[in-house]
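1. Requesting a structural model of the entry that follows:
(2 chains)
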Protein chains: 2
Amino acid sequence: MLQSQLFTKTKKEAPADEVSKNAILLTRAGYIHKEMAGVYSLLPLGLRVLNKIIGIIREEMNAVGGQELTMATLQDKALWEKTDRWDDTKVDNWFKSALKNGTEVGLGITHEEPLTNLMREYVSSYRDLPVLAYQFQTKFRNETRAKSGIMRGREFLMKDLYSFARTKEEHEKIYNSLREAYRKVFERVGLGEHTYVTFASGGIFSQFSEEFQTVSDAGEDIIYVDEKKNFAINKEVLTDEVLVQLQVKREELVEKKSIESGNIFHLGTKFSEALGLSFTNEGGESVPVLMGSYGIGPTRLMGTLVEVLSDEKGIVWPTSVAPFAVHLLALGEKKGASFKEAENIYRQCTERGIEVLFDDRDTRAGEKFADADLLGMPVRVVVSDKTLAEGKVEIKERSSTDSKLISRGELFAHFEHKK
Amino acid sequence: MLQSQLFTKTKKEAPADEVSKNAILLTRAGYIHKEMAGVYSLLPLGLRVLNKIIGIIREEMNAVGGQELTMATLQDKALWEKTDRWDDTKVDNWFKSALKNGTEVGLGITHEEPLTNLMREYVSSYRDLPVLAYQFQTKFRNETRAKSGIMRGREFLMKDLYSFARTKEEHEKIYNSLREAYRKVFERVGLGEHTYVTFASGGIFSQFSEEFQTVSDAGEDIIYVDEKKNFAINKEVLTDEVLVQLQVKREELVEKKSIESGNIFHLGTKFSEALGLSFTNEGGESVPVLMGSYGIGPTRLMGTLVEVLSDEKGIVWPTSVAPFAVHLLALGEKKGASFKEAENIYRQCTERGIEVLFDDRDTRAGEKFADADLLGMPVRVVVSDKTLAEGKVEIKERSSTDSKLISRGELFAHFEHKK
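-> Model (predicted):
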């Protein structure tokens, strides 16, 4: 894409009303736009990142047998009353509205209730199970405070998968496959080494669950990491009993701040019993379906990537989720020889399927360099009169300070190799 | 995909609470699930259709220079008060809610206000224009009645593009390019010959606009078609003055019922003036930006396709939007020779990138044929002991009654050719 055509621009100043690093950098770089506290629009570059994250999650959910659907936002009060999750004294972050005839509706905070209800139409026999269904859906949560940028929004994208199984063994197998799928997602988006499977409270559904906690000072959680065993325990559940159960010694744990970036839950039969989702097993008995839920927020992941990987100059995207693989900078005069060479490289990269953001603006070099650092593409390529004189281009990784001169052919080979 | 793995199933009976053909057929075929009147979830097959429609629209919007973004659902009252579109007596289909601190918020009915406001951050000079920005976004409209299935939902997907131009000439050029882009969308989704560019009221923004009206008895609009000139006039604006202006004779017009399936509007400076979006032109003057808006509903298009193209046996998808290109039916015994042959064909089609729904269920032939007609894939391929005896498969187009026997090689060639 030609940067001169992109309608967004970078800003030198941090927005006055933001405190979180992710919101400040993503706003300055033109990835997001704040509509109100906790509510952001995704601008073209931001949407490109989000779609790459979504693509990775979708592949991993499909790989374990997930079937994608899209549930509705507007929620039927009657369903949520059956599980006692409608009343504001029970669930305190609903946005509610009403139809013209006065019927109350809610904006989906999560989707266990409507999906369990939907499954009643399709599940009646053991032959209809197991089912894994998932979606990418905007969730609405009426947070009292919203100061964490896109990490805790009042409106945010969530990938939620729900599993429906016949037996405890089948449920455990699915649950374990999702744990592995989540590990792969964190690896692939570039957060693998910062993220721990974390033993945590099961909330209202079961005694324990597992969270994926990404170490960051921007986190709201405290975890205790066992680095040898490569897992962590959420402070909330760190008791002597749990230490014994997990065979961990308290003195080997290291306290860290972290961001809850995913979670996987055993739901048991809480929802299937309340909403009447049962099946006839091979013995002819009617039994409730065993459920699990598995959540990961693509917008939160995007914010987490900025919190964890950015530096003092700006964002540092991993290649897998960067809006473009290359930021190509043409220096010198707008119609000059180095601009022409950069145009050639841009065209040839595009023909090869390499995604390039081409800074073809009539702007001074210092500004182009600063913008490239702020925007955070993984590789910067500079064409100037100086590099042109040597018949080369300058290539530099965003995460490194070293640059080198390479030929055009070496440049293409660099990306062919990475594919 | 293996049909035995698909969690949805077909239903023989029409849902008791639906009156529209699209809702009845899409529900029976397992494409959608009703959550409440006018609110539907999209099940795996339905989401596949929707994503194909979205893909086509996205390509055409990008081709005219559109930049994709995603705005928020939650709306800031203050912005809408500036254009006098907040008050329920002015705009009667808002869903409204409130933050914890009591601040009212609305659910986006459309996005002129927030996008115009957003553009103030990026547009100040003539050098920043023109801009075409678009999104695929869930809109919420609090309809009093909602009986048209996914054609008029309380919650539905909309592609809305907004254009920002410097001059009347520039705006007209963009507007015309969008009219052509919309024509291409209707052609590509298979509604071209049923859809007329229709002269219509401009609503509150300008005297006239253009609608894309698709002829169907399920429509709520009345249009007068000039078949020679290949355009139509909405009944609402059919006056002698308009007839003279358009050089049309009343006696040459044919009255038809139709579905408004897209519209393109001149917005002038209504929003830019109210919200303060201006730019400095080449002469150094500050002038308001000229705007246009261009809407098309992917979910409504999906419903329209069902209304217009289905027959008494079920849905008939055009190839471009069908969830799968081929419905492959294995008849005979589950472990028998024809099943094995069908499995081979399924595998080889998949390797060739041909999208196949493989009915591998242990179900009788009559049920498989009825389901294939109801589900509506454009091509049905049957492998039975009879076709196997001849070393062939039976191929039949959904829209035709003729079938023929062809070899496996001819089958692959058929689809290679279509790509």
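
2. Dihedrals phi and psi, the residue of the stretch 101-250 of chain A at minimum distance from chain B?
-> Nearest to chain B in the stretch 101-250 of chain A, going by CB to the nearest CB, is A:Val131, at a distance of 4.5 Å. Quick note: C-beta positions are derived from backbone N, CA and C, even for glycine. A:Val131 adopts backbone torsions of phi -130, psi 140, taken as degrees, to the nearest 10.

3. just checking, it touches B:Phe7?
-> Yes. The criterion here is CB atoms under 8 Å, and A:Val131 meets it with B:Phe7 at 4.5 Å.

4. So for those two, which residues contact both of them?
-> Both A:Val131 and B:Phe7 are in contact with A:67, A:119, A:122-123, where contact means CB atoms under 8 Å, 6 or more residues apart in numbering or on different chains.

5. Quick check: beta-bridge partners of the residue of the stretch 101-250 of chain A closest to chain B?
-> A:Phe164 (DSSP bridges).

6. next one: the helix or strand where A:Lys256 lies to chain centre, how far?
-> Remark: A:Lys256 resides in strand A:254-268, with elements defined by DSSP states H and E. Here the centre of strand A:254-268 is set off from its chain's centre by 14 Å, with CA atoms, centre = their mean, to the nearest Å.

7. Parallel or antiparallel, list what pairs with it.
-> strand A:208-215 (antiparallel), strand A:221-226 (antiparallel), strand A:290-296 (antiparallel).

8. tell me the average confidence for that strand?
-> On average, the pLDDT along strand A:254-268 is 96.

9. quick check, the first helix or strand past it going along the chain touching chain B?
-> Reading on from strand A:254-268 to the C-terminus, the next helix or strand found by DSSP H and E is helix A:270-275. No. Counting by CB under 8 Å from any CB of the partner chain, chain B is not contacted by helix A:270-275; separation bottoms out at 13.7 Å.

10. show me where pLDDT drops low in the stretch 51-200 of chain A?
-> Within the stretch 51-200 of chain A, not a single segment meets pLDDT under 70.

11. Return the distance of A:Ile222 relative to A:Glu260.
-> In this view, A:Ile222 and A:Glu260 are 11 Å apart by CB to CB, to the nearest Å.

12. So which of the shared contacts of A:Val131 and B:Phe7 is the closest to A:Asp88?
-> For the shared contacts of A:Val131 and B:Phe7, the closest approach to A:Asp88 (CB to CB) belongs to A:Met119, at 27.1 Å.

13. was I right about the closest one contacting A:Val131?
-> Yes. With contact defined as CB under 8 Å, A:Met119 reaches A:Val131; the gap is 6.8 Å.

14. ok, back up a step: count of residues packed around the residue of the stretch 101-250 of chain A closest to chain B?
-> Here the number of neighbours of A:Val131 (other CB atoms under 10 Å in any protein chain shown) works out to 22.

15. returning to that earlier point: if you count surrounding residues, which of A:Ile222 and A:Glu260 has more?
-> The residue with more neighbours, out of A:Ile222 and A:Glu260, is A:Glu260; 22 against 15, by other CB under 10 Å.

16. What are the neighbouring residues in contact with the more buried one?
-> A:211-213, A:219-221.

17. What remains of the residues you listed if I keep only buried residues?
-> With burial judged by 16 or more other CB atoms under 10 Å in any protein chain shown, the buried subset of the contacts of A:Glu260 is A:211-213, A:219, A:221.

18. So is the longest helix along chain A next to chain B?
-> Counting residues, the longest helix found in chain A (DSSP state H) is helix A:168-189. No. Between helix A:168-189 and chain B, judged by CB under 8 Å from any CB, nothing touches; the nearest distance is 13.8 Å.

19. For A:Phe208, report the pLDDT, please.
-> The model's pLDDT for A:Phe208 equals 81.

20. ditto for the one 10 residues further on
-> The per-residue pLDDT reported for A:Ala218 equals 94.

21. same deal with the one 4 residues further on?
-> pLDDT for A:Ile222: 97.

22. Is it bridged to anything, and to what?
-> The bridge-partner assignment for A:Ile222, based on DSSP bridges, gives A:Lys257.

23. Does it touch A:Lys256 like I think?
-> Yes. Between A:Ile222 and A:Lys256 there is a contact at 7.4 Å, judged by CB under 8 Å.

24. can you put the buried ones among the contacts of A:Glu260 in CSV and add distance to A:His111?
-> Output for the buried ones among the contacts of A:Glu260, formatted as CSV (distance: CB to CB, whole Å):
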residue, distance to A:His111
A:Glu211, 19
A:Phe212, 20
A:Gln213, 23
A:Gly219, 26
A:Asp221, 24
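
25. just to revisit the earlier point, output the strands paired with strand A:254-268 in JSON lines; the columns should cover distance to A:Trp80.
-> Output for the strands paired with strand A:254-268, formatted as JSON lines (distance: least, CB to CB, whole Å):
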{"stretch": "strand A:208-215", "distance to A:Trp80": "21"}
{"stretch": "strand A:221-226", "distance to A:Trp80": "27"}
{"stretch": "strand A:290-296", "distance to A:Trp80": "15"}
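
26. can you list the domains in chain A?
-> A:21-309, A:326-418 (automatic domain parsing).

27. For B:Ala98, find the nearest of the ones you listed.
-> Among the domains of chain A, domain A:21-309 comes nearest to B:Ala98, with 7.9 Å by CB to CB.

28. And that closest one, how far out from the chain middle?
-> Distance of domain A:21-309 from its chain centroid, counting by CA atoms, centre = their mean, is 11 Å.
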